[in-house]
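# Provided below for reference: sequence and predicted model.
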Amino acid sequence: MGVPFVPQEVFVGSVVAWVENITPQVRIQEIPVQRKYDNLSNHIAQDWPYSSGGADDDNDNTPAGDATVGDGLSRYEEYRGLLLAEEDWKLTRLNPNEKNMFVQDNDPDTLGTVEYFPGAGMPDPDRFDYSWGRTFMGVMNYKSSSHQLAEVWPVNIADRPVPGDPDAWGSTYGPYFQPGCLIYINVALIQEQAGDRWHQFRNEIIGHELGHTVLWHRPDGGDHEVENPQDCLMAPEADPDWPVYAKEFCAVMPGTENDPGCQFLWHFTWP
């Protein structure tokens, strides 16, 4: 999760302005100014807990996944921060040790603020609300500095029937980090078929589809057989009549057919 920005030091400075069109004179105005130190010459304030390192570092290693490091954001970009929905749109600095994933929620009224990856070992996506005014499929880290390593594109998730398959609860188009990574969730169909449990079933479908975006490189996009419905979100088929819905990705180390260890197999797909 992000680290809220907290000013560390304030002093009173003097601002000098000339008054024009009359005899030149000096007007002194005292204003509060935040003073920061950059002793490492990396354009990052020394008092930030993660300031040690290069501005272009991208060494995020938590959660580990398949041990691929980085999330596409440089140390400087994580210091600069973003406006996050879960932080009430406050400028929030990120943690350069934790892999950040971004989901642009185009229909928050029906898709809700779901815990997209509820299980340990998977990235914890930061949510953006399309109704707030972001451009659909817009890049997250627009280039405003020389420390952009790559364009980071969010997963765009929308409440829509799946094109060409009106009986599908959801579908995924493309891996995370790539332009055009899109998920359709047919909430109306889920409500019709899951009844009073539709919220829980919707959450399972969203978790499953998001799993495809980071397990895209795996056979069948990460789908695998499960012995019990609750064993893993990546079961190839779901059933609204199941007594228990999956809330986790399997965590057994790779090597068994039914529990390949999705928590140890995912990674972000780089351009």
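Thanks, I have it.
# now V214: closest residue in space that isn't a chain neighbour?
The spatial neighbour of V214 that comes closest, neighbours along the chain excluded (CB to CB, 6 or more residues apart in numbering), is W266 at 4.1 Å. C-beta here means a position set from N, CA and C on the backbone, and glycine is covered the same way.
# quick check: the gap between that neighbour and R127.
Using CB to CB, to the nearest Å, we find W266 at a distance of 19 Å from R127.
# can you get me a residue count around D57?
When counting by other CB atoms under 10 Å, one arrives at 18 neighbours for D57.
# wait, I meant K143
When counting by other CB under 10 Å, one arrives at 9 neighbours for K143.
# before we move on, what about Q191?
For Q191, the number of neighbouring residues by other CB under 10 Å comes to 15.
# and it, that one's in a strand?
No: when classified by DSSP: H, G, I helix; E, B strand; the rest coil, Q191 is found to be helix rather than part of a strand.
# same for the helix or strand hosting I205, what does it pack against?
Using DSSP states H and E, I205 falls within helix 198-214. When contacts are defined as 3 or more CB pairs under 8 Å, 6 or more residues apart in numbering; DSSP states H and E, helix 198-214 sits against strand 155-159, strand 170-173, strand 182-185, helix 187-194.
# for the second one, output the C-alpha coordinates as CSV.
Taking C-alpha atoms only, strand 170-173 is exported to CSV below (Å, rounded to 0.1, in the frame of the first residue of the first chain):
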residue,chain,number,x,y,z
GLY,A,170,-16.3,-12.7,-17.6
SER,A,171,-13.4,-12.7,-20.0
THR,A,172,-9.9,-11.3,-20.1
TYR,A,173,-8.1,-9.7,-23.1
